[in-house]
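In: please find the sequence and the predicted model below.
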Amino acid sequence: MYLCEKCAKEKESAGMGVFNINDFFSLLMGLGMDAQHSFPQSIYRPPVRCSVCGMTYDDFQRAGKMGCAECYKLYAENLPPLLKKLHGAVQHTGKVPSKIASQLDCENEIEKLKRMLEEAIRNEEYEKAAQIRDKIRDLESRS
Amino acid sequence: MAMWFKQKGPESDVVVSSRVRLARNLSRYPFPFKMDEKQQKEVIEKVVSAVKKDNERTYRVYDIKNMDLITKVSLVEKHLISRDMAQAQNFRALIISEEQNVSLMVNEEDHIRLQCILPGMQISEAWKLCDTVDTVIEKEVDYAFDKNLGYLTSCPTNLGTGIRASVMLHLPALTMTGYVGRIFEACSKLGVAVRGLYGENSEASGDMFQISNQVTLGQNEEEIVKSIENIATQIISQERMLREELYKQNKTRFEDKIMRSYGIIRNARIMSSEEAMKLLSDVRLGVYMGIIKDIRPETLNEMLVAIQPASLQKRCKTDLNPEQRDIIRAEVLRNIFSNTQDNS
């Protein structure tokens, strides 16, 4: 596809294209394209393959793209340095889908109650502890 | 059909359009480049049926895989699909609202790329519209979402909010004086990307520039939209100030430059895309400075799209070689200008 003669000619003379996302990502990760030779020992790991899409971390570095949502869990510990470079942050603070928001609220509430339960037990307030325990069970069964 | 580029928006002397897009993925499917055909079709079905729950708008669905090239490129020229989308070989769909201000690309880099585009400076409105449609969809599908990383996207550059807020600016005075370089240097320090008329990898033509956020994680959507709005507002006031300054310095020379361009564009018989963009930039400036009085400003955006190669070919319903295209382009421009004058 081309937009005009000039663009087509430019694309030809530039070979593959103007911008190569693979090079970009390799550079960003502090690696050359020749990853085998320059791969720092400290972050080397034997290839783990994602059970859903089959991607390894090397594949991700080459493609600059994750294969599926599961990859983000699998390679979670490799991500923070990259995210800091890209976004200067590692924690989402924006919109949350409503279904997940209510689930997260519930999880937070359970965490809070668990802390209260521990405290009640420590203070030997067993009646109060039993009430809290019932609340936790109720919330857990709902989520 | 009231398309964004045929309407007039706020601050339209400098701002052509405001665009917000959200990247979303469905939780139980791999990202598009890892999907097989069956999964591609399933995702399209799910998104199409989810969008139908939007009672505020009616949508049309287009099959991109089986669309002819000229139609696809003309959609790129209207900013309704990406270049990448037009080149793809897998099952992809474009879902588009009747007014063409809401569109969804399905199975591009992410399962869903929801986009809202409005004329002029309406970036907050575009975000609100995106948010509304996104909320309708999220009730019908399960999004891939992580409480720490936010919306999971194929490329980590879009992670978190998945938002890209961009404003298209017409900056002839800043370009003419060379100040534009300094402004864009400042933009890049603030994490704001500057691109040409057609986004990533495209050159600025006709003094048109797009500014957009690069960071998508760690700030919420309102903060991101607000920061783009603030930067755009500053650029707008600089541009306006310089326009006045240049006009004051040498009124006759300024008017002469604009009226010459106007004369050429109304009378030329052969017109390259590059020349047309340059002349239209002068004419746009002239219209908003009150030097050219017989053109409705809304017509300017329409012209911007109409003179692009594929839009021309679509209008003629035939393939054109570049020379024929330049002749047709000149003809189209002459026609639009004479119609505009009749109407006003």
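Out: Cool, got the structure.

In: local confidence estimate at the residue of the stretch 151-300 of chain B found nearest chain A?
Out: Nearest residue of the stretch 151-300 of chain B to chain A, counting by C-beta to the nearest C-beta: residue B:218, 2.4 Å away. Where you see a C-beta, it was placed from the backbone N, CA and C, and this is true even at glycine. On pLDDT, residue B:218 comes in at 95.

In: contacts for the helix or strand hosting residue B:138?
Out: Assignment of secondary structure by DSSP states H and E places residue B:138 within helix B:123-140. Where contact means C-beta atoms under 8 Å, 6 or more residues apart in numbering or on different chains, the residues beyond helix B:123-140 that reach it are A:95, A:97-99, B:18-22, B:24, B:46-47, B:49-51, B:53-54, B:56-57, B:101-102, B:112, B:114-118, B:163, B:165, B:167, B:221-222, B:225-226, B:228-229, B:232.

In: buried ones in that helix?
Out: Taking 16 or more other C-beta atoms under 10 Å in any protein chain shown as the basis for neighbour counts, the residues of helix B:123-140 that come out buried are B:123-131, B:133-134, B:136-138.

In: can you list those in TSV and add pLDDT and distance to residue A:47?
Out: Below are the buried residues of helix B:123-140 laid out as TSV (pLDDT from 0 to 100; distance: C-beta to C-beta, whole Å):
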residue	pLDDT	distance to residue A:47
B:123	97	43
B:124	97	46
B:125	97	47
B:126	97	43
B:127	98	41
B:128	97	45
B:129	97	44
B:130	97	38
B:131	97	40
B:133	97	40
B:134	97	36
B:136	96	41
B:137	97	36
B:138	96	35
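
In: residue A:105: which of the residues you listed is nearest?
Out: For the buried residues of helix B:123-140, the minimum distance to residue A:105 (C-beta to C-beta) is 16.1 Å, reached by residue B:138.

In: if we can go back for a sec, now the helix holding residue B:138: how far from the chain's centre is it?
Out: Relative to its chain's centre, helix B:123-140 lies at 18 Å (C-alpha atoms, centre = their mean, to the nearest Å).

In: what do you get for stretch B:99-112?
Out: Centre to centre, stretch against its chain (C-alpha atoms, centre = their mean), the figure for stretch B:99-112 is 14 Å.

In: which of the residues in that stretch are buried?
Out: Neighbour-count burial for stretch B:99-112, with 16+ other C-beta under 10 Å as criterion, is recorded at B:100-112.

In: check the residues you listed one by one and keep those near chain A.
Out: Applying C-beta under 8 Å from any C-beta of the partner chain, the subset of the buried residues of stretch B:99-112 adjacent to chain A comprises residue B:109.

In: mind checking which of the buried residues of stretch B:99-112 land in strands?
Out: Judged by DSSP state E, those include B:102-106, B:112 as members of strands.

In: phi, psi for the residue lying closest to residue B:157 once chain neighbours are set aside please.
Out: By the measure of C-beta to C-beta, 6 or more residues apart in numbering or on different chains, the closest residue to residue B:157 outside its immediate chain neighbours is residue A:86, 5.7 Å from it. Torsion angles at residue A:86 (phi, psi; degrees, to the nearest 10) stand at phi -80, psi -40.

In: which residues does residue A:86 contact?
Out: Applying C-beta under 8 Å, 6+ apart, we find residue A:86 in contact with A:28, B:156-157, B:159, B:215, B:217.

In: residue numbers of the stretch 1-150 of chain B in contact with chain A?
Out: With C-beta under 8 Å from any C-beta as the criterion, the stretch 1-150 of chain B meets chain A at residues B:25, B:27, B:29-31, B:33-34, B:69, B:72-73, B:76-77, B:83, B:86-87, B:109, B:131, B:134-135, B:138-139, B:142-150.

In: the top helix by length along chain B close to chain A?
Out: Using DSSP state H, we find that the single longest helix of chain B is helix B:221-249. Yes - contact between helix B:221-249 and chain A is present through residue B:221 (criterion: C-beta under 8 Å from any C-beta).

In: quick one, the next helix or strand after that helix and helix B:221-249 angle?
Out: Proceeding C-terminally, helix B:221-249 gives way to helix B:251-267 as the next helix or strand, assigned by DSSP H and E. Per axes from the mean of the first three to the mean of the last three C-alpha atoms, to 10 degrees, the angle that helix B:251-267 makes with helix B:221-249 is 110 degrees.

In: could you dump helix B:251-267 to CSV, C-alpha only?
Out: Taking Å, rounded to 0.1, in the frame of the first residue of the first chain, the C-alpha atoms of helix B:251-267 are listed here in CSV:
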residue,chain,number,x,y,z
LYS,B,251,0.1,43.5,5.9
THR,B,252,0.4,43.7,2.1
ARG,B,253,3.1,41.0,1.9
PHE,B,254,1.1,38.7,4.2
GLU,B,255,-2.1,39.2,2.2
ASP,B,256,-0.2,38.8,-1.1
LYS,B,257,1.2,35.4,-0.1
ILE,B,258,-2.3,34.1,0.9
MET,B,259,-4.1,35.5,-2.1
ARG,B,260,-1.5,34.1,-4.5
SER,B,261,-2.0,30.6,-3.0
TYR,B,262,-5.8,31.2,-3.2
GLY,B,263,-5.5,32.2,-6.9
ILE,B,264,-3.4,29.1,-7.8
ILE,B,265,-5.7,26.6,-6.0
ARG,B,266,-8.8,28.0,-7.7
ASN,B,267,-7.4,28.0,-11.1
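
In: who does that helix touch, helix- and strand-wise?
Out: Secondary structure elements in contact with helix B:251-267, counted by 3 or more C-beta pairs under 8 Å, 6 or more residues apart in numbering or on different chains; DSSP states H and E, are helix B:273-288, helix B:322-343.
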